[in-house]
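[1] Task: produce atomic coordinates for the following.
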Amino acid sequence: MRFNIFVVVSLCSFFAAGAVLPSRPIASRDELQAREDPNGLLVNLVFREPASAKNRAKYNKRVQRNNKFYKVAGSGPIKTAQTWQNNDIKAAVNTANKLTNASKTQREKKFGLKSTEDCGLKRFYNKVHDIPKKPGVSHARPLPEHAGARNLWEIPLKNRNKGTDKSPARVIMQSKNQPGGTFRAVAVVAHDQSRTHGTLGGGDHFRVRPVKKKH
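    Have a look, this model is predicted:
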């Protein structure tokens, strides 16, 4: 009897202190978390699957509302304009993580690759532009805030142009513990498609700013 009284008194004190129980289990809450890097340049999305089918429509609207597009201008009939969105960025980063954490045997069997560089995953050196877009600007870099960083990596985004063999855009990633760590996207860069590859300035990378609308 004394024990029951003690339990009741303890519970009353607990709720009086301001404790509130959730209206529904946390596991059943569907939500989309959007996180921006410190510069607000790239949104990394963390998805939680809806707990029930009736919430999927709301979930999809949230995804679209937070979606962003990355556009690269075209040049002529061959190098056409291309556009990617958040899901493409996420897919590229996931591929990079799977490849870099896989053994040589796993890479060959699952991906048909002898090395991570076969898919374009390699170090990104953030080199100074040979021909800056703004006249008179010297020592311009694709990502000036990462000047001197040695832990930057790049992986190409999917090429949507059948007339060219390579995509002009790259996802730039960062990790403290590669190989064997986890990549995090920090920016998207691309070549200027009006420039010819192999010529001065043809290999320069420029940041691609995200926009809310596709068109």
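
[2] Now do the end-to-end distance for stretch 136-148.
    The first and final residues of stretch 136-148 sit 22 Å from each other (CA to CA, to the nearest Å).

[3] just stretch 160-175 next, same as before
    Stretch 160-175 has an end-to-end distance of 28 Å (criterion: CA to CA).

[4] So which bits of it are buried?
    Residues 161, 167-175 are the ones in stretch 160-175 that count as buried (16 or more other CB atoms under 10 Å). Where you see a C-beta, it was placed from the backbone N, CA and C, and this is true even at glycine.

[5] so where do the strands sit in the protein?
    Assigned by DSSP state E, the chain shows strands spanning 32-36, 43-47, 69-72, 82-85, 122-123, 152-156, 169-174, 184-191, 205-207.

[6] I'd like to know which of the ones you listed is closest to Asn55.
    Among those, strand 32-36 comes nearest to Asn55, with 11.5 Å by CB to CB.

[7] tell me, how many neighbours does Lys98 end up with?
    Neighbours of Lys98 under the rule other CB atoms under 10 Å: 13.

[8] One more: Ala91?
    Applying other CB under 10 Å, we find 14 residues neighbouring Ala91.

[9] And the buried residues of stretch 160-175, which two are furthest apart?
    Within the buried residues of stretch 160-175, two members stand farthest from each other by CB to CB: Asn161 and Ser175, at 29.3 Å.

[10] follow-up on the earlier one: need the winner for burial among the strands of the chain.
    Greatest average neighbour count among the strands of the chain goes to strand 169-174 (a mean of 24), per mean count of other CB atoms under 10 Å.

[11] who touches it?
    Strand 169-174 has contacts (CB atoms under 8 Å, 6 or more residues apart in numbering) with 70, 72, 82, 84, 89, 92-93, 96, 120, 124, 142-143, 146, 149, 151-157, 183-190, 205, 208.

[12] Could you tell me how many residues sit around Phe108?
    Actually, residue 108 is Glu rather than Phe. Neighbour count of Glu108, defined by other CB under 10 Å: 14.

[13] And it, how close does it get to Ala96?
    From Glu108 over to Ala96 the distance is 17 Å, taken as CB to CB, to the nearest Å.

[14] list the buried ones in stretch 70-80?
    Buried, per 16+ other CB under 10 Å, within stretch 70-80: 70-72, 79-80.

[15] Just the helices from this structure, written as ranges.
    Along the chain, the stretches classed as helices by DSSP state H are 2-16, 56-65, 86-100, 104-106.

[16] What helices and strands are in contact with the third one?
    Pointing back at helix 86-100 there. In terms of contacts (3 or more CB pairs under 8 Å, 6 or more residues apart in numbering; DSSP states H and E), helix 86-100 is packed against strand 43-47, strand 152-156, strand 169-174, strand 184-191.

[17] can you redo these as TSV with distance to Ala57 and mean pLDDT?
    As requested, the helices and strands packed on helix 86-100 are exported to TSV (distance: least, CB to CB, whole Å; pLDDT from 0 to 100):
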stretch	distance to Ala57	mean pLDDT
strand 43-47	15	44
strand 152-156	33	93
strand 169-174	30	95
strand 184-191	28	95
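
[18] where in this structure is pLDDT low?
    For the chain, applying pLDDT under 70 flags the ranges 1-51, 53-54, 59, 63, 110-118, 163, 176-181, 214-215.

[19] Before I go, just wanted to say thanks for your time.
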